[in-house]
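Q: return a 3D structure for these sequence lines:
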Amino acid sequence: MRVALLGSGRGSNAEAVLRAQQAGQLGAAQVVGIYCDIPTAPMLALGPKYGVPAHYLDPGPFKTKFSPEQEAFWARTLVEHRIDLVVLAGFMRVVKAPLLEPFAGRIINLHPTLLPAFPGLDGIGQTWRANVPEGGCTVHWVTAEVDGGAHLGQTKVPRAADDTPESFAQKIHAAEHALLPRVIAELAARPASR
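A: You can find the predicted model right below:
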C-alpha cells in the first residue's frame with residue numbers, strides 16, 4: 001500500500017508514521033511521499049531525514065481550502081505517484097470533490113478529539129474549554145462532511161485534575177502518535193487493500 005502524508009506544519013504526526021515505518025510497524029504500508037501546502041513548513045525536512053521524497057505543492061490563494069484548479073492538480077499528482085492511501089496528518093485544508101472523488105474510500109484524517117464531539121478547528125482547545133472528563137483522538141475516513149466520516153480508531157485520554165491545557169494537549173498528541181500508525185498498518189492488512 002503506497003501511502004502519501006499530507007500536512008501543513010511541523011509534521012509530528014507524519015514523523016510518528018515515518019518512525020513506525022523505520023521500526024517495521026506499518027506492515028504492508030509504505031510511505032512514498034510527503035506533500036505540504038506551506039513552502040516553509042518544518043514537515044518538509046522529514047523527507048531527507050527519513051529518505052522519503054518531500055514535495056511542496058501550491059494550494060492556491062486561499063488559507064483553509066484549495067482553489068478547485070489546485071485541488072485537481074494535487075489529485076493528479078497523487079494519482080501519478082500511484083498513491084493508494086492519502087493520510088491527512090495535520091493538514092489544515094478542507095478537502096472537496098476534486099481530491100475526494102479519485103481517492104474515494106482512500107483518504108483518512110487524524111482529528112484530536114473523540115469525534116463526533118468537537119469537530120473542526122482547535123479540537124483540543126474546544127475539548128479543554130468544555131471541561132469534559134476525557135479527550136482523545138480519532139482516525140476517520142474523509143468525506144465531504146468535515147470530520148464526519150466513519151471512524152477507524154479512537155483513543156481516549158483522561159483529563160487529570162492537575163492537567164493544564166499544555167499537559168492535556170501533550171497527552172493527546174502522544175495518543176495520536178500511537179493511533180495513526182496503528183490504523184495505517186490495519187488498513188494495509190485488510191484483504192481489500194490495493
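Q: gap between the longest helix seen in the chain and the chain center?
A: Ranked by number of residues, the top helix in the chain under DSSP state H is helix 165-189. For helix 165-189, the separation from the chain centroid amounts to 10 Å (computed by CA atoms, centre = their mean, to the nearest Å).
Q: and that helix, what other elements does it pack with?
A: Here helix 165-189 touches helix 12-22, strand 85-88, strand 107-111, helix 123-130, strand 134-141, strand 151-158, going by 3 or more CB pairs under 8 Å, 6 or more residues apart in numbering; DSSP states H and E. Bear in mind the C-beta positions are built from the backbone N, C-alpha and C, glycine included.
Q: what is the mean pLDDT for the next helix or strand along the chain from the second one?
A: Going back to what we said before, that points to strand 85-88. Note on strand 85-88: by DSSP states H and E, the next helix or strand toward the C-terminus is helix 97-100. Mean pLDDT, helix 97-100: 95.
Q: go on, stretch 103-112?
A: Averaging pLDDT along stretch 103-112 gives 97.
Q: neighbouring contacts of it?
A: With contact meaning CB atoms under 8 Å, 6 or more residues apart in numbering, stretch 103-112 is reached by 13, 75, 78, 83-91, 95, 99-100, 119, 123-124, 127, 135, 137-142, 147, 149, 152, 172-173, 176, 179-180, 183-184, 187, 194.
Q: show me which of those residues are buried.
A: When these are checked for burial by 16 or more other CB atoms under 10 Å, the buried set is 13, 75, 78, 83-91, 95, 99-100, 119, 123-124, 127, 135, 137-140, 142, 147, 149, 152, 172-173, 176, 179-180, 183-184, 187.
Q: quick revisit: now the helices and strands packed on helix 165-189 in CSV, with distance to A29?
A: Below are the helices and strands packed on helix 165-189 laid out as CSV (distance: least, CB to CB, whole Å):
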stretch, distance to A29
helix 12-22, 8
strand 85-88, 7
strand 107-111, 11
helix 123-130, 25
strand 134-141, 13
strand 151-158, 13
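Q: who's in contact with the most centrally placed residue in the chain?
A: When CA atoms, centre = their mean is applied to the chain, the residue found nearest the centroid is A89 (2.3 Å). Going by CB under 8 Å, 6+ apart, A89 touches 5-7, 11, 13-14, 17, 110, 180.
Q: can you give me the pLDDT of S193?
A: pLDDT, S193: 44.
Q: fine, thanks again, bye for now.
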